[in-house]
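Enquirer: fold the following and give me the result.
(one chain, ligands or ions: 1)
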Amino acid sequence: MKFVNKYLLLVALIVITLLLLFVHNKGFYKVLNIPLDNNERILGLSDASVGGDSMMKVSTNAEGTSFNCNIVNKFQWPFCQLQIYMIPFNEQDKNSLQHGFDISEYDELFVDIKYQGPKPELLRLHIRNYNPAYTNLEVDSNSMKINEFKIEANAYKTKQFINLKDFYVVPWWGSERNLPTELKLREFSNVPLIEVLTTDHVQEGELTVNINEISFRRLYISNENLLFTIIAMWLAAAAGYLILQLHNYRSNLKQARLSNNRLIEIMDALKLEKAQIEEMSKRDTLTGLRNRSGLSLHFTQCATDLLEQNTPFSIVFIDIDFFKNINDLYGHNRGDDILVTFAQIIHSNIRIADKLGRWGGEEFILICTNSTLNQANSIAEKLCRIIQQHLFGSDLQVTASFGVAEMYPDESVKDFIERADKALYKAKAEGRNQVQVSV
Ligand SMILES: Nc1nc2c(ncn2[C@@H]2O[C@H](COP(=O)(O)OP(=O)(O)OP(=O)(O)O)[C@@H](O)[C@H]2O)c(=O)[nH]1
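Expert: Below is the predicted model:
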């Protein structure tokens, strides 16, 4: 993934976050429903069982269960109580309650209870827990722990969620039993029974309670986990984005370096090409010798050395004799070959320091660096003999004329070349195949 659109990422994160919050808010619950339509598991109990006169009637139907209670202030603590057993039970067998539900994994109790009757409109909810550590129903019928929550009037008229952490163990239950502190704490590990009952403040008169739903719920994702998930998601996205950016920057940098190196290579190649072109522009294409332009640099250098260091500087002007005849007799191509061979012979018989160039046509100039007129004359004589003795092809003899001059310190290069040319002209005039010097 080369390119991550940060705005797209941001929008995606916001959408996912809102979606999570929406779904979470709607409730994604694991639910344990308590059946309220089973006559055999729902019992009513009033203070009549302990000598009071309050009367209670329970009825169940498909929608739930309800009880009607007529409170009479005869017993010290008049009450009506609905017992909802979560498991099948046998009144004769007290042990039948020992295997209840573990609801400790749930977070909330959802209740849909409606109350009609005298004020205060209060009810109690009991979640009873069976634990052999303190429960022995044969000996103590109240020995199942009482986790209690009081429902207040305005709230219980509508459906409501009760956090299970809001239940507490009723103090008298704990103080009546000699138990270690940890056993007096809220406990839902083994719940066989739920009770809905009136409170201590219940007033004399008739009241009706309709219970349409009791269920335990647990959010699949807790608020803390949701928050953690959302924060982790944002952090992961930010980290991922930064890592990708870093990766992109690195590969861009690498690419830029490669391009830079490529540019340097191209520039080097261009420089080389330029140097080659410059060199070629100073070379004669037929013989490969310097042309006039190539020779001029050396003229300037040698003239400077003569002026500044008094280094002697001579040239030999060379012209092939009767070259026109050669062309006419053997053709232009053969003439070219002879020009090339002629150049090679001269070039291979001069010093490395001396510079040979083609001045034009069948004319050549040899620059004899650091050479006096006599030295240049000797070179010319030698070259004249070599050419004369060479056979071009199997039988062709070619001669050349040579004009030699040494540069005067106060002379221009142009005048200097003209003097050498004049010497050459003299060699031609004197019969060719010879060397003449300009003095
Ligand atoms: N084949 C060939 N011929 C050339 C080239 N450059 C010049 N020439 C010929 O060289 C000949 C020079 O002739 P001329 O100037 O009359 O001189 P020449 O015939 O050598 O006579 P002298 O110099 O007086 O001895 C001409 O015919 C040119 O066409 C070349 O590159 N190739």
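Enquirer: and this structure, what are its domain boundaries?
Expert: Following automatic domain parsing, one finds the domains of the chain at 1-25+230-275, 29-219, 292-437.
Enquirer: residues in contact with V398?
Expert: Taking C-beta atoms under 8 Å, 6 or more residues apart in numbering, we find V398 in contact with I320, D321, I326, I338, F342, I387, H390, F392. The way it works is simple: take the backbone N, C-alpha and C, and place the C-beta from them, glycine included.
Enquirer: which of the residues you listed sits closest to the ligand?
Expert: D321 (4.2 Å; C-beta to the nearest ligand atom).
Enquirer: right, and L9 touches A236 too?
Expert: No: using C-beta atoms under 8 Å, L9 is not in contact with A236; the gap is 11.3 Å.
Enquirer: who has more neighbours, these two?
Expert: For L9 versus A236, the count of surrounding residues by other C-beta atoms under 10 Å is larger for L9: 15 against 11.
Enquirer: quick one: secondary structure of the residue nearest to N33 when sequence neighbours are not counted?
Expert: The shortest distance from N33 to any non-neighbouring residue, by C-beta to C-beta, 6 or more residues apart in numbering, is to S215 (4.6 Å). Assigned by DSSP: H, G, I helix; E, B strand; the rest coil, the conformation of S215 is strand.
Enquirer: show me the contacts for S215.
Expert: V31, L32, N33, I34, L109, F110.
Enquirer: touching, the fourth one and I194? I think so.
Expert: If I follow you right, that is I34. Yes: using C-beta under 8 Å, I34 is in contact with I194, at 6.3 Å.
Enquirer: which neighbours do these two share?
Expert: By C-beta under 8 Å, 6+ apart, the residues touching both I34 and I194 are I84, M86, I214.
Enquirer: put the buried members of these into a PyMOL selection.
Expert: Listed next is the PyMOL selection for buried residues among the shared contacts of I34 and I194, using 16 or more other C-beta atoms under 10 Å:
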select buried, resi 84+86+214
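Enquirer: got JSON lines for the shared contacts of I34 and I194, with distance to the ligand and pLDDT too?
Expert: Shown next, in JSON lines, are the shared contacts of I34 and I194 (distance: C-beta to the nearest ligand atom, whole Å; pLDDT from 0 to 100):
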{"residue": "I84", "distance to the ligand": "124", "pLDDT": "95"}
{"residue": "M86", "distance to the ligand": "120", "pLDDT": "92"}
{"residue": "I214", "distance to the ligand": "119", "pLDDT": "93"}
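Enquirer: any residues touching stretch 217-236, and which ones?
Expert: Applying C-beta under 8 Å, 6+ apart, the external contacts of stretch 217-236 come out as 13, 16-17, 20-21, 24, 27-32, 105-110, 161.
Enquirer: PyMOL command for the buried members of those?
Expert: To isolate the buried members of these in PyMOL, using 16+ other C-beta under 10 Å:
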select buried, resi 13+20+24+29+32+106+107+108+109+110
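Enquirer: strands - which of the contacts of stretch 217-236 land there?
Expert: Under the assignment DSSP state E, the contacts of stretch 217-236 contribute Y29, K30, V31, L32, E108, L109, F110, F161 to strands.
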